[in-house]
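Next comes the sequence, and after it the predicted model I'd like to discuss.
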Amino acid sequence: MTINPRTIEAYKLLHDGTLALARAERQGIRVDLDYVNEKKEYLIKKMNRFEQKFRSSDFHKHWKSSVKSKTPNINSDSQLANFLYNIKKLTPYKTTKSGQGSVDEESLKQLNIPELDLLLKKKKLKGILDKLEGFEKEATNGYMHPFFNLNTVITYRSSSDSPNFQNIHKRDKEANKICRGALFPRPGHQLFSADFSGIEVRIAACYHQDSNMINYIKDPTSDMHGDMAKQIFIIDDFNKKIHSQLRQAAKNGFVFPQFYGDYYKNNAIGICNDWIKLPQSRWKKGMGIELDSHCISDHLISKGISSFDKFVNHIKEIEYDFWNNRFFEYQKWKTRWWESYKKYGYIDMKTGFRCSGGMSRNDCVNYPIQGTAFHCLLWCFIELDRISMQENWDTKLIGQIHDDIVMDVNPDELEHVTKTIKRVTCEDLPKHWDWINIPLDIEMELCPIDGSWADKSVYEL
DNA sequence: TGTTCATGG
DNA sequence: TATCCATGAACA
């Protein structure tokens, strides 16, 4: 599969984008190396404690006795898999792509062996430590300069490396605090970010023009994920605010996987494991997350979903309804798009790139959306870079995370900068590309003056 | 070098 | 026919 620009404008987007991103790279972001060293020491000590505890356990003794000649490497996933699934003959919760028993976090948790928690905790800390060491390695004179590439990704999105600025820990609270707590603006400045809300969903709508989807986007009182949560968890009281965890479960366990081409059985498993913590194998009363004063499992059982198999079937019916009723036009677009690819051998992005060569059905409907959504951000990034130089801003663009622009802001310029960002993203961009006939929106976050990236809070214009 | 695991969108 | 895209570490 290859993607090539078909217009001068498409080529120019990458050319100008490369220049704008190069200026952000040169600017860089400040790293507090004393803080990094302090946290590294803390992490190493904590990791050692988990490791010592693990090494003194019966589990480890058994593992050690099972390997010939020397001690097992507790960092080796394949040695662990061999011990668990070949020596101890445990049943793997799931297998990897190549058919081996998996030892990822989910699989180890399912085994319910307390010692494995020690290994998992150590591994989590190791990930944080690696991130800090990456910062340290790439810092010169207290600043690091992550690269932003436009030539590495199959969909013509961007990537980042040395260090990767696009996968710094965020969701885990402790990891967020440690990793982002190492990153600062120039003295006297503030870190700031502006991210497009639901840009892929909105850009997808520019392609498929599904009327129900457009209503969801345009009507601020509507809530697609909330509606799906009501349907999935069978909540009749439509006046009641959907429990935020259930809404998240619907969003990340059903809606997005469905958009990317997943199907009901995986959704059912994912919702149970990752989101409502209801073990499929032991579906019973009093388990899963709390809903009001009782557990989600009790609620589902009371609604007739009395086993995991029934839940799978329930999700199957919801999937049918999702594509054949709720988002019927989106579904038709996917079919048309795929048929057209099979007939002509390529598909064209709204931004002037042509994707040709071998693609699966999922690739075919996902690539143009992912690429185009990023091109929206890239156009804004180029425009803001141009304006910042023209108006001689002290505020600088320093990076980008797919749908998120990151800046190092002079507090005196804050108001002008944020108004300019809002105008460029929500007005100038849709004027520049008239195929954007869906309203766009951004959310902004600001850190205190001299505060770290871990200290950001919502910023209202 | 390919696989698996973590992280992010 | 069945989850899209990346980087990076560690191991075999």
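Perfect, thanks for sending it.

Tell me the secondary structure of the one residue in the stretch 251-400 of chain A that gets nearest to DNA strand B, please.
Of all residues in the stretch 251-400 of chain A, A:Q370 sits closest to DNA strand B, at 5.9 Å by CB to the nearest atom of the strand. Every C-beta, even on glycine, is put in place using the N, C-alpha and C of the backbone. What DSSP: H, G, I helix; E, B strand; the rest coil gives for A:Q370 is helix.

In contact with the closest residue to it other than its chain neighbours, which residues?
Nearest residue to A:Q370 in three dimensions, chain neighbours excluded: A:T155, at 4.6 Å (CB to CB, 6 or more residues apart in numbering). Going by CB atoms under 8 Å, 6 or more residues apart in numbering, A:T155 touches A:I3, A:N366, A:Y367, A:Q370, A:G371, A:F374.

From the residues you listed, which shows the smallest pLDDT?
Ranked by pLDDT, these bottom out at A:I3, which has 84.

So that residue: helix, strand or coil?
With three-state DSSP as the basis, A:I3 sits in strand.

And A:D408, by the same measure?
strand.

number of nearby residues for the nearest residue to A:I401 once chain neighbours are set aside?
Once flanking residues are discounted, A:I401 sits nearest to A:Q166: 4.9 Å by CB to CB, 6+ apart. Other residues near A:Q166 come to 17 when the count uses other CB atoms under 10 Å.

ok, now A:P257?
Burial measure for A:P257: 17 neighbouring residues, criterion other CB under 10 Å.

could I get whichever strand or helix holds it in PDB with only the CA atoms?
For A:P257, the element it lies in under DSSP states H and E is helix A:256-260. What follows is helix A:256-260, C-alpha atoms only, in PDB (Å, rounded to 0.1, in the frame of the first residue of the first chain):
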ATOM      1  CA  PHE A 256     -14.600   3.200  18.800                       C
ATOM      2  CA  PRO A 257     -13.800  -0.500  18.300                       C
ATOM      3  CA  GLN A 258     -16.900  -0.700  16.000                       C
ATOM      4  CA  PHE A 259     -15.700   2.300  14.100                       C
ATOM      5  CA  TYR A 260     -12.400   0.700  13.500                       C
END
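
Check whether the helix or strand that it is followed by comes near DNA strand B.
Downstream of helix A:256-260, the next assigned helix or strand under DSSP H and E is helix A:264-270. No - judged by CB under 7 Å from any atom of the strand, helix A:264-270 stays clear of DNA strand B, getting no closer than 12.7 Å.

after helix A:264-270, next one along is what?
Proceeding N to C from helix A:264-270, the next assigned helix or strand is strand A:290-291, under DSSP H and E.

Paired strands for that following strand, with orientation please.
Strand pairing for strand A:290-291, using DSSP bridges, gives strand A:294-295 (antiparallel).

Tell me the residues of the stretch 251-400 of chain A that contact DNA strand B?
Going by CB under 7 Å from any atom of the strand, the residues of the stretch 251-400 of chain A near DNA strand B are A:Q370.

Up against DNA strand C, what does the stretch 251-400 of chain A have?
A:256-257, A:260-263, A:266, A:270, A:360-363, A:366-367, A:370.

nearest to A:L397, of those residues?
In terms of CB to CB, no member of these lies closer to A:L397 than A:Q370, at 22.1 Å.

how about the strand or helix carrying A:L300: buried residues?
Assigned by DSSP H and E, A:L300 belongs to helix A:296-302. Residues of helix A:296-302 classed as buried by neighbour count (16 or more other CB atoms under 10 Å): A:I296, A:S297, A:D298, A:H299, A:L300, A:I301.

Then stretch A:260-267?
Of the residues in stretch A:260-267, A:D262, A:Y264, A:N267 count as buried by neighbour count, 16+ other CB under 10 Å.

contacts for it?
Contacts for stretch A:260-267 (CB under 8 Å, 6+ apart): A:253-254, A:257-258, A:312, A:315-316, A:318-319, A:361-362, A:365-366.
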